[in-house]
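Participant: build the 3D model from these lines:
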Amino acid sequence: MTAALSDTAPASMLDRFTAIIDAFEDTSAGLTLDQIAARAHLPRSTTHRILDQLVRLQWLTHSGRGYRLGARTSARGAVDGADVRLRSVAAPVLHEMQLRTGAVVHLGVLDRGEIVHLDKLGGPSARQVPTSVGVRIPAHRVALGVAALAGLSPEDVVAELNHVRGWEPDAAWWGELHKARRRVVIRQGDYTAPMLSVAATIGSRAAIGIVTSDRVLAQRCQPLVSASAARIARTLAGANS
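Facilitator: Okay, the predicted model is just below:
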């Protein structure tokens with residue numbers, strides 16, 4: 001039989017865990033060890049020890065740009081505060097895109113090598129696109145994910161892709177990512193064979209895109225997708241300044 005826990009130790013550890021997780025609630029950027037320690041009001045050595053445990057248990061992730069919330073927060077239905085703000089800022093832009101194009105519109109954010117679909121607005125072809133809010137797809141497989149990766153440094157792209165098993169990026173894929181840094185990503189068959197996807201990076205590990213079976217529409221909407229992503233990025237930057 002497991003020994004009873006004391007009244008003080010578990011509460012102390014729970015308080016520290018909560019303080020560290022709460023440190024991420026007003027930012028979409030990675031935080032350094034020193035930033036987390038300051039926000040959580042904890043000693044640096046204590047913070048580092050707990051962070052190592054939280055990364056190992058997948059509550060957090062760690063890359064060259066710092067610590068971020070990890071898979072377990074998403075798996076339990078927890079919503080990153082930054083994702084809530086992103087979805088709120090993006091909502092009117094997505095709505096406008098859907099009205100202007102009639103296409104399926106997606107908003108996605110990266111998490112451990114996958115693109116998580118934060119929002120989906122449908123058109124007549126919505127049922128042909130097998131996505132919904134919360135659906136995860138390996139980021140390298142779809143335009144939305146490639147666009148989100150394009151907003152990262154090369155080191156952070158590698159850190160994200162390290163979570164992917166059984167696949168290694170080749171020269172052609174890196175070339176696609178390089179092009180995505182300068183303009184939109186266009187791919188065919190991401191979700192279903194006849195569909196084309198057009199996506200652009202928002203920055204902050206996120207992207208927006210449309211999915212349509214109309215090749216002419218896909219070509220014509222590239223400037224709109226790019227401008228819409230930039231508009232969301234500017235609004236987010238203004239809110240964080």
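Participant: okay, strands next: where are they in the protein?
Facilitator: Under the criterion DSSP state E, strands of the chain are mapped to 60-63, 66-69, 104-111, 114-121, 136-138, 185-188, 196-203, 206-212.
Participant: out of these, the one nearest Ser45 is which?
Facilitator: Among the strands of the chain, the nearest to Ser45 by Cβ to Cβ is strand 66-69 (15.8 Å). From N, CA and C alone the C-beta is placed, and that goes for glycine too.
Participant: mean neighbour count, the strands of the chain: which tops it?
Facilitator: strand 206-212 (a mean of 29; mean count of other Cβ atoms under 10 Å).
Participant: tell me the strands beside that strand, with direction?
Facilitator: Next to strand 206-212 in the sheet, as set by DSSP bridges, lie strand 104-111 (antiparallel), strand 196-203 (antiparallel).
Participant: quick one on the thing from earlier: would CSV of the strands of the chain with mean pLDDT and distance to Glu168 be doable?
Facilitator: Putting the strands of the chain into CSV (pLDDT from 0 to 100; distance: least, Cβ to Cβ, whole Å) gives the following:
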stretch, mean pLDDT, distance to Glu168
strand 60-63, 84, 18
strand 66-69, 84, 24
strand 104-111, 93, 18
strand 114-121, 90, 17
strand 136-138, 93, 13
strand 185-188, 93, 19
strand 196-203, 94, 22
strand 206-212, 95, 22
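Participant: mind putting these in TSV, distance to Pro169 included?
Facilitator: Converted to TSV, those look like this (distance: least, Cβ to Cβ, whole Å):
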stretch	distance to Pro169
strand 60-63	16
strand 66-69	21
strand 104-111	15
strand 114-121	15
strand 136-138	11
strand 185-188	14
strand 196-203	17
strand 206-212	18
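Participant: out of the ones you listed, nearest to Ala148?
Facilitator: Checked against Cβ to Cβ, the stretch from the strands of the chain lying closest is strand 206-212, at 4.0 Å.
Participant: off-centre distance for that closest one?
Facilitator: 13 Å (Cα atoms, centre = their mean, to the nearest Å).
Participant: again with stretch 204-221
Facilitator: The offset between the C-alpha centroid of stretch 204-221 and the centroid of the whole chain comes to 18 Å, using Cα atoms, centre = their mean.
Participant: just the endpoints, please. Distance across that stretch?
Facilitator: The first and last residues of stretch 204-221 sit 23 Å apart, counting by Cα to Cα, to the nearest Å.
Participant: ok, Ala90 touching Ala229?
Facilitator: No - no contact is recorded between Ala90 and Ala229 when judged using Cβ atoms under 8 Å, the distance being 9.3 Å.
Participant: okay, and the common contacts of these two?
Facilitator: Ile202, Ile208 (Cβ atoms under 8 Å, 6 or more residues apart in numbering).
Participant: domain-wise, how is this structure divided?
Facilitator: Domain assignment of the chain by automatic domain parsing yields the ranges 9-75, 81-240.
Participant: pick the most deeply packed of those domains.
Facilitator: Burial of these is given as mean neighbour count (mean count of other Cβ under 10 Å); domain 81-240 ranks first at a mean of 19.
Participant: any weak-confidence spans in the protein?
Facilitator: For the chain, applying pLDDT under 70 flags the ranges 1-12, 14, 25-29, 71-82, 123, 239-241.
Participant: surely Ala91 meets Asp119?
Facilitator: Yes - when contacts are counted by Cβ under 8 Å, Ala91 is listed as touching Asp119 (7.2 Å).
Participant: may I have stretch 165-181 as CSV, with CA atoms only?
Facilitator: Listed in CSV are the C-alpha atoms of stretch 165-181, where the atom choice follows Å, rounded to 0.1, in the frame of the first residue of the first chain:
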residue,chain,number,x,y,z
ARG,A,165,9.4,9.3,-36.6
GLY,A,166,10.1,7.4,-39.8
TRP,A,167,10.7,10.4,-42.1
GLU,A,168,13.7,12.6,-43.0
PRO,A,169,13.5,15.8,-45.0
ASP,A,170,15.2,15.6,-48.3
ALA,A,171,16.6,18.4,-50.5
ALA,A,172,13.3,18.9,-52.3
TRP,A,173,11.4,19.4,-49.0
TRP,A,174,14.0,21.9,-47.8
GLY,A,175,13.6,23.7,-51.1
GLU,A,176,9.9,23.9,-50.6
LEU,A,177,10.4,25.3,-47.1
HIS,A,178,12.8,27.9,-48.4
LYS,A,179,10.2,29.1,-51.0
ALA,A,180,7.6,29.2,-48.3
ARG,A,181,9.7,31.7,-46.4
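Participant: no further questions, thank you.
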